[in-house]
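Q: for reference, the sequence and a predicted model appear below.
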Amino acid sequence: MVWQTLARHFLGRRAASRTADPAAVATLTARLRDAGLARLGRSLAIRHVAAGSCNGCELELRATQNLVYDLTQYGLSFTPSPRHADVLLITGVAARNMVEAVRQAREAMPEPVFVIAVGDCAVDGGVFKGSPAVLGGADAILPVDLIVPGCPPSPTQIVEGLLALLDAHGG
Amino acid sequence: MRICASAGEWLDHRGGLIALWTDAEYAYALYEPGELVAIALEGGGYPTLSARRPGAAWFERLAHDVNGHTAHGAADTRPAIEQFRAADGKAAWPEFPMPAGEGVHQVAVGPVHAAIIEPGHFRFSVLGERVLKLETRLGYSHKGTLGLIRGKSARLAARYAARISGDATVAHGLAFAQAAEAALGIEVPARAAALRAVCGELERLANHAGDIGGIAGDAGFAFLQARFAWHREAFCEAAKAAFGHRLMMDVVIPGGLAGDINTGGAVAILTALNGLEAEYPSLTRVFEDYASLQDRLVGTGTIAPGLAAAFAAGGFVGRASGRRVDARVTPGYAPYIGLDLRVPVETDGDIAARVRVRLAELAESARLIRLLLHYLPEGHIAIAPPSGTGTGLGVAESFRGPVWHWLKIDSGTIVDAFAADASALHWPLLEHAALNGILADFPLINKSMNSSYSGVDL
């Protein structure tokens, strides 16, 4: 019954609202100003590239789209094409075999581009640091603007990282 | 382990091949249900097994790229991981032969995919919408994991095993730990064995729920996707409450468990189970009742039972194609003896059959967890691994099939290791499952098998 569903929604618990860490926002804002980066606005399209992950980060990244975290409520969405993307979100180490693909995805994106490294591997190579098959973190391929550490980071941590990006751009 | 004196003995061994690898002296072939056969390397190589056992091809290519050992007489010598343009962009891209015929063209997909998934390349040769041939190229997420495992103690190397495939981190951690425990001759406490099984079943529930919802979502049933993702989330949060990590990474360690189940952890898990079980009948019914959903899943991506048997496919892929296989029923697989494990088997081999098997496994895993938590033994949760010498094999049934780990330990240090994910045998089956279907069905077929990229790239 429709009215039962509606009643349940109104009486049910509200989803937890999430906010970005103010310190992270302040740092990012300063960073953007110093870099002279253009503002992207409050609705960002994200292109995800797995550059050598174990697929743990992908699981948590997908989870940000579920009913609990509902990433789209903040104006953030994943896009299948780099041509439509504002943000390049990289998970996993910089695997030697993925370097060229990551570069090509970056080149296909319209400027300005914001690069986020999600997960310990993308931050600095994580546990795979030092392997001859691995260059390091995402910054071994291209400059990174924001990191979200964790192995893997929880959906909450990922959402908060992305919100910091939105706030820095809006504020 | 049996060491073959002649090539004939090596080639004539009967049984389904699970994995093949090499070390400095031998080539090893692992057969169901866990029989290890070896042959001494000669001239840096060994006689190929892939002529009779197609599943061996990937392992032979990997052994060539990782250790430089050649499978003499192998037909498939394509690189497994060393096939990409060098960083300077100079080397040539691989070539993809195409079936002859008017109007045949190729569609290249990946390694960067449209969805939030791992990297891999799919090259379709199509005529109109019909897929005539699919060639997969993997190896993009090669991280040199086996090299990182070597030279470390079992406890220290466990974190690499836990990151071979993040969605099966418990299963890989468990198989690795059991290999180390077999090599060092130790037995884990009963409480650890029971809690490891709880983690394993919880991981199965989370992945099955996520994937079943994903399949329905790809077929246009967003409601099912939303509900199953909700339950997956509940299992991840329950795992965090019980074991401190949403995916239960690094929870299983050689010798037992990194920590006991948290206070309130069992209640959190049971609450998540209640939530799924309450909605399970109505969600399952949607798969049976809606013709438009059936239309996408029935008869799509079919893997004939004979083909599944030829590749010794395990997990829900094998079970949906008539194979009654499950590592959890092998003798000695703690602690499933006495739990009366029910293994669902279907014979249609299509996406619908794989979904039915996984739906049945959801209910079964929920039942097992209730039993395991109810009869949880008291006592220690870990013992310190001694610094011994030995060789060990370990197996765990991940949500997608059996995961095998092999370790050679010398005075407490791992000198050689191999890990075989069930995906290695499923990837070639995907190339068959996509044949003669339409290109638009491929995402659905791929998701219905959900093989791990990282798990085979190693």
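A: In hand now; what should we look at?
Q: low pLDDT regions in the chain?
A: Assuming you mean chain A. A:1-17, A:31-41, A:170-171 (pLDDT under 70).
Q: let's do chain B instead
A: B:82-92.
Q: tell me the domain boundaries of it?
A: B:2-72, B:104-137, B:145-457 (automatic domain parsing).
Q: what about residue B:316, neighbour count?
A: Neighbours of residue B:316 under the rule other Cβ atoms under 10 Å in any protein chain shown: 30. C-beta: built from backbone N, CA, C; applies to glycine.
Q: measure it to residue B:424 for me?
A: 16 Å (Cβ to Cβ, to the nearest Å).
Q: do the same with residue B:279
A: From residue B:279 to residue B:424 the distance is 35 Å (Cβ to Cβ).
Q: go on, residue B:172?
A: 13 Å.
Q: overlap of the contact sets of those two?
A: residue B:455 (Cβ atoms under 8 Å, 6 or more residues apart in numbering or on different chains).
Q: so these two - more neighbours on which side?
A: Taking neighbours as other Cβ under 10 Å, residue B:172 and residue B:424 compare with residue B:172 leading, 30 against 27.
Q: tell me which helix or strand comes right after the helix or strand encompassing that one.
A: Residue B:172 belongs to helix B:169-184 when assigned by DSSP states H and E. Counting by DSSP H and E, the next helix or strand C-terminal to helix B:169-184 is helix B:190-218.
Q: count of neighbours near the residue nearest to residue B:256 when sequence neighbours are not counted?
A: Nearest residue to residue B:256, sequence neighbours excluded (Cβ to Cβ, 6 or more residues apart in numbering or on different chains): residue B:382, at 2.9 Å. By other Cβ under 10 Å, the residues close to residue B:382 number 17.
Q: I'd like the distance between residue B:382 and chain A.
A: Per Cβ to the nearest Cβ, to the nearest Å, residue B:382 is found 21 Å from chain A.
Q: and what of residue B:269?
A: Residue B:269 is 18 Å from chain A, by Cβ to the nearest Cβ.
Q: for residue B:278, same thing?
A: Residue B:278 is 14 Å from chain A, by Cβ to the nearest Cβ.
Q: and if you look at residue B:334?
A: Residue B:334 is 26 Å from chain A, by Cβ to the nearest Cβ.
Q: that residue against residue B:193, yeah?
A: Yes - Residue B:334 is in contact with residue B:193 according to Cβ atoms under 8 Å; the separation is 4.1 Å.
Q: the two: which is more packed in?
A: More crowded of residue B:334 and residue B:193, by other Cβ under 10 Å: residue B:193, with 21 against 15.
Q: relative to residue B:133, how far out is that one?
A: Residue B:193 is 46 Å from residue B:133, by Cβ to Cβ.
Q: check residue B:201 too.
A: Taking Cβ to Cβ, one finds residue B:201 at 39 Å from residue B:133.
Q: residues near residue A:84, how many?
A: For residue A:84, using other Cβ under 10 Å, the count is 14.
Q: check contacts around it.
A: Neighbours of residue A:84 in contact, by Cβ under 8 Å, 6+ apart: A:45, A:47.
Q: quick check: it vs residue A:109, distance?
A: In terms of Cβ to Cβ, residue A:84 sits 9 Å off from residue A:109.
Q: which neighbours do those two have in common?
A: residue A:47.
Q: could you report the neighbour count for the residue of the stretch 301-450 of chain B found nearest chain A?
A: Nearest to chain A in the stretch 301-450 of chain B, going by Cβ to the nearest Cβ, is residue B:450, at a distance of 9.9 Å. Residues lying near residue B:450 (other Cβ under 10 Å) number 24.
Q: can you give me every residue that contacts the closest residue to it other than its chain neighbours?
A: Leaving aside its sequence neighbours, residue B:450 sits nearest to residue B:211 (Cβ to Cβ, 6+ apart; 5.3 Å). By Cβ under 8 Å, 6+ apart, the residues touching residue B:211 are B:358, B:447-448, B:450.
Q: how about these, which pair is most distant?
A: B:358 and B:447 (11.5 Å; Cβ to Cβ).
Q: who does the residue sitting nearest the centre point of chain A bridge with?
A: The residue lying closest to the centre of chain A (Cα atoms, centre = their mean) is residue A:89, at 4.8 Å. Going by DSSP bridges, residue A:89 is paired in beta bridges with residue A:48, residue A:116.
Q: pretty sure it contacts residue A:46?
A: Yes - with contact defined as Cβ under 8 Å, residue A:89 reaches residue A:46; the gap is 5.1 Å.
Q: I am finished for the moment; much appreciated.
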